[in-house]
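Trainee: Sequence and predicted structure below; questions after.
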Amino acid sequence: MNKRLAAALCCAATATLALAGCGSSDNKTDDYAKSVCDQVQPQRQKIQNADNDIASVSSSGASPSQVQSTDSTAFGQISDAYKALASGIQDAGAPPVGNGATLQKNAVDQLNAISGAYANLKKTVDGLDASDQAKFAQGLGAIPNQVTTLSKNGDDALAKLQADGIGQAMAKQPGCQKATTAPTLAPSPDASGSGGPAASTAPSGPAKPSGSAKPSGSAKPSGSAKPSASSSASSQS
């Protein structure tokens, strides 16, 4: 199950900040894109690091208590990253388009909501009974699907800022460019001793958690499942 969580997080980290596009943009648009993408890069890295931690514990045959501690810490870090991303976009100001202030507000509100949702996932994990492996695995069951939804929401939030050439300008910035490699994790035994599917842990696009993240094999049956949505900026190319 933690493998499914890791996979969902992997997709989230990957897509959250990956933008693709082509075309030209004026200096004002480029300056805005740089100010946003400079904020995106460090937060994407924090999300990726948290994802990697979950993927690592998922493949190590860790105990339920170890999985609980790692997942809880990772969700807290992801929550903080989305909150910082929202703050960075707020500080960057409105994008230089007609309805820029509205686009900015919608993106900031959605990113703050995602931050709150990850904080709630942390509380959920903290409240699980790690002393009972079966119950712990059952409690983790719904989390991968929630992470998948949150990763899609992260894509949607950043897509709100990509109108009228903003997406193309962001695609040229290093902080918003897609990663091109994706290391994988070897299958690890689940609660019943059977191997679980490998999960990709590298970001494949900017703007969403994308590592394989989910409770470790020893905590509960693993399954490959994780959000892999990519940023909608590419639709503007």
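Mentor: Right, received. Where do you want to start?
Trainee: doesn't residue 68 fall inside a helix?
Mentor: Yes. Applying DSSP: H, G, I helix; E, B strand; the rest coil, one finds residue 68 inside a helix.
Trainee: just checking, it touches residue 124?
Mentor: No. The pair residue 68 / residue 124 is not scored as a contact, 10.6 Å apart, by Cβ atoms under 8 Å. No exception for glycine: its C-beta is placed from N, CA and C like everyone else's.
Trainee: Looking at the two, which one has more neighbours?
Mentor: Neighbour comparison, residue 68 and residue 124: the larger count goes to residue 68, with 25 against 17 (by other Cβ atoms under 10 Å).
Trainee: residue contacts, the more buried one?
Mentor: Counting by Cβ atoms under 8 Å, 6 or more residues apart in numbering, residue 68 makes contact with 125, 126, 128, 130, 136, 219.
Trainee: Single out whichever of those residues has the smallest pLDDT.
Mentor: pLDDT across those is lowest for residue 219, at 42.
Trainee: Residue ranges in the protein under the pLDDT threshold?
Mentor: Along the chain, segments meeting pLDDT under 70 span 1-26, 178-237.
Trainee: Tell me which stretches of it form helices.
Mentor: Listed in chain order, the helices of the chain (DSSP state H) span 2-16, 27-58, 64-92, 100-126, 133-140, 143-159, 166-171.
Trainee: ok, and the most crowded of the contacts of residue 68?
Mentor: residue 219 (33 neighbours).
Trainee: count of residues packed around the nearest residue to residue 49 once chain neighbours are set aside?
Mentor: Nearest residue to residue 49, sequence neighbours excluded (Cβ to Cβ, 6 or more residues apart in numbering): residue 77, at 7.2 Å. The local packing of residue 77 (other Cβ under 10 Å) involves 17 other residues.
Trainee: ok, now the one 3 residues further on?
Mentor: The burial metric for residue 80, expressed as a neighbour count using other Cβ under 10 Å, is 17.
Trainee: so it touches residue 115, yeah?
Mentor: Yes. Between residue 80 and residue 115 a contact is recorded at 7.4 Å, counting by Cβ under 8 Å.
Trainee: picking that back up, how about the contacts of residue 68 in TSV, adding distance to residue 159?
Mentor: Listed next are the contacts of residue 68 as TSV, based on distance: Cβ to Cβ, whole Å:
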residue	distance to residue 159
125	29
126	32
128	33
130	38
136	36
219	34
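Trainee: Spatially, which two of those are the most separated?
Mentor: Largest separation among the contacts of residue 68 by Cβ to Cβ: 126 and 219, giving 14.6 Å.
Trainee: Quick check: of the contacts of residue 68, which lies closest to residue 61?
Mentor: Taking Cβ to Cβ as the measure, residue 61 lies nearest residue 219 of those, at 9.6 Å.
Trainee: Go ahead and confirm residue 81 touches residue 51.
Mentor: No. Assessed by Cβ under 8 Å, residue 81 is found out of contact with residue 51, at 10.6 Å.
Trainee: which one of the two has more residues nearby?
Mentor: Per other Cβ under 10 Å, whichever of residue 81 and residue 51 has more neighbours is residue 51, with 34 against 26.
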